[in-house]
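> here's my sequence, what's the structure:
(one chain, ligands or ions: 1)
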Amino acid sequence: MGSDLPRAESRGPILQDVPLAPLTTLGIGGAARWFGRAASAPEVVAADEWAALRGAPMFVLGGGSNLVIADRGFDGLVLQMQVSRVQASDGGENTIVVAGAGESWDGLVAFAVSRNLAGIECLSGIPGSVGGTPVQNVGAYGQEVASVIEWVDAVDRLQQKAVRLSQAECRFAYRQSRFKQEDEERFVICQVAFRLHNGGPATVAYRDLIEYFGKQHLESPSLQAVRDAVLTIRRGKGMVIDAADPDTRSVGSFFMNPVIDRAAFERFAPAPHYPMDNDAVKVPAAWLIEQSGFARGHTDGASGLSTKHPLAIVNRGGATARDIIRLARRIKTAVFDRFGIALRPEPVFVGFKDDPDVEYLRG
Ligand SMILES: Cc1cc2nc3c(=O)[nH]c(=O)nc-3n(C[C@H](O)[C@H](O)[C@H](O)COP(=O)(O)OP(=O)(O)OC[C@H]3O[C@@H](n4cnc5c(N)ncnc54)[C@H](O)[C@@H]3O)c2cc1C
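Numbers count the residues shown, from 1 in each chain. Prediction:
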């Protein structure tokens, strides 16, 4: 489904040489040659045309919580999404909540929980914007956005059209979607519709949450209780952004949990794992990393691992993107040498065209 877009009548100014590090949670990276903001689909089209006229690439920035930006910055236009609005329409058992790409994700979770709408309560505390969540199908504590997304409205840069993509058309998988894979940079997400369940029940499926409520002898916690529990557990792991906690100067998990076939797993079992379909298992990357000699709190110059979680590579203060990538490379090599498993990075790398270290990490 698509529609031609009206031309934008006005658009904010395009700025030059804007430092990107302060716009990211890692706090690293050079400047954008050009920088603009878009608050509507026509403004996205106008910005795209502006960049195309100059033969410049365009990168879409959300909350900057899943990005490693090159020290040399980005030689093109960085467009930050500022589409804001939240609208809820009741439809019997479910409520459809439509949120602008520029809204804060955790603000939306808080809104849903306050309205007693179930489906995203376990995704509390994940930083970034609403528009960033479909990109890697964010997930945590037993939920992922793919299971509640109804549709995504985007600008298709290939066709210069507004399109509505159904849940199936987004091709979601574990920490993946077409937006991050085969159609990387093709779609600019403007708003997302979520189908949330009126009145709960809250999801308590993940081990940490089951243990948390087990200790409290609480069998059917409310949505608010689950949100509070997730925030508490995440804070203990340095996974809620907090300026006072240097362990949160990260992109969250740097590597995805690898899914491998059971035969490969048996070669080094016993080890923690989660059974998947098709005789495959998911192995916690954190466990593999620790077993390969990188403990939480590991330091490597200005970069290191969080003191609370071995999966978060942190900027300990003054780190460069190269420092972060060098450490990630060492970890990937150590895990491969020990287990024969090639860890894949979770964040998006910006401004690293043809960089051999980044190619190695992605391979
Ligand atoms: C402390 C911490 C904890 C985290 N915990 C989790 C977790 O539990 N689970 C999880 O899945 N992730 C987690 N993350 C990763 C991150 O928060 C999510 O991936 C988040 O959804 C990224 O959104 P963003 O708006 O910050 O996107 P950005 O980092 O700005 O961008 C990420 C990618 O999305 C694209 N993008 C962003 N907005 C749009 C748009 N409107 N249209 C098209 N493309 C867009 C960008 O171009 C880029 O490719 C964590 C990160 C941190 C720092």
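> the helices in the stretch 51-200 of the chain, which residues?
Listed in chain order, the helices of the stretch 51-200 of the chain (DSSP state H, counting those that start in this stretch) span residues 105-114.
> near the ligand, which residues of it?
Within the stretch 51-200 of the chain, the positions lying close to the ligand (C-beta under 6 Å from any ligand atom) are 59-67, 81, 101, 126-129, 131-133, 135-136, 138-140, 179, 187-189. Yep, even glycine has a C-beta here, placed from its N, CA and C like the rest.
> from these, which land in strands?
59, 60, 61, 67, 81, 139, 140, 187, 188, 189 (DSSP state E).
> please parse this structure into its domains.
In terms of domains, the chain is parsed into 2-81, 86-236, 246-362 (source: automatic domain parsing).
> confidence score at residue 274?
For residue 274, the pLDDT comes out at 88.
> chain neighbours aside, what residue packs nearest to it?
residue 282 (4.5 Å; C-beta to C-beta, 6 or more residues apart in numbering).
> the one you found: what's it in contact with?
Applying C-beta atoms under 8 Å, 6 or more residues apart in numbering, one finds that residue 282 lies in contact with 174, 257, 258, 259, 273, 274, 276.
> among the residues you listed, which pair sits farthest apart?
Distance extremes for those: the farthest pair is 174 and 273 at 14.3 Å, using C-beta to C-beta.
> before we move on, the earlier item: hey, least reliable of the domains of the chain by pLDDT?
If the domains of the chain are sorted by mean pLDDT, domain 2-81 sits at the bottom with a mean of 89.
> gap between that one and the chain center?
Using C-alpha atoms, centre = their mean, to the nearest Å, the mean C-alpha position of domain 2-81 is found 18 Å from that of the whole chain.
> next: stretch 73-91.
14 Å.
> the contacts of residue 282 in strands, which ones?
Residues of those located in strands (DSSP E): 259, 274.
> still on that earlier bit, quick check: the residue nearest to residue 274 vs the ligand, distance?
When distance is defined by C-beta to the nearest ligand atom, to the nearest Å, residue 282 is 14 Å away from the ligand.
> dump the residue contacts of residue 344.
By C-beta under 8 Å, 6+ apart, residue 344 lies in contact with 255, 256, 258, 362.
> tell me how far the ends of stretch 71-89 are from each other?
Start and end residues of stretch 71-89 are separated by 44 Å (C-alpha to C-alpha, to the nearest Å).
> could you do stretch 14-30 as well?
With C-alpha to C-alpha as the measure, the ends of stretch 14-30 fall 17 Å from one another.
> what ranges do the strands span in the stretch 101-250 of the chain?
Remark: strands of the stretch 101-250 of the chain, listed N- to C-terminal, are 117-118, 139-140, 143-144, 149-156, 161-166, 187-198; assignment by DSSP state E, counting those that start in this stretch.
> deepest-packed of those, please.
Of those, the one with the most neighbours on average (mean count of other C-beta atoms under 10 Å) is strand 117-118, at a mean of 24.
> now do the buried residues in the helix ranked longest in the chain.
The single longest helix within the chain, with elements called by DSSP state H, is helix 321-339. Of the residues in helix 321-339, those buried by neighbour count under the rule 16 or more other C-beta atoms under 10 Å are 321, 323, 324, 325, 326, 327, 328, 331, 332, 334, 335, 339.
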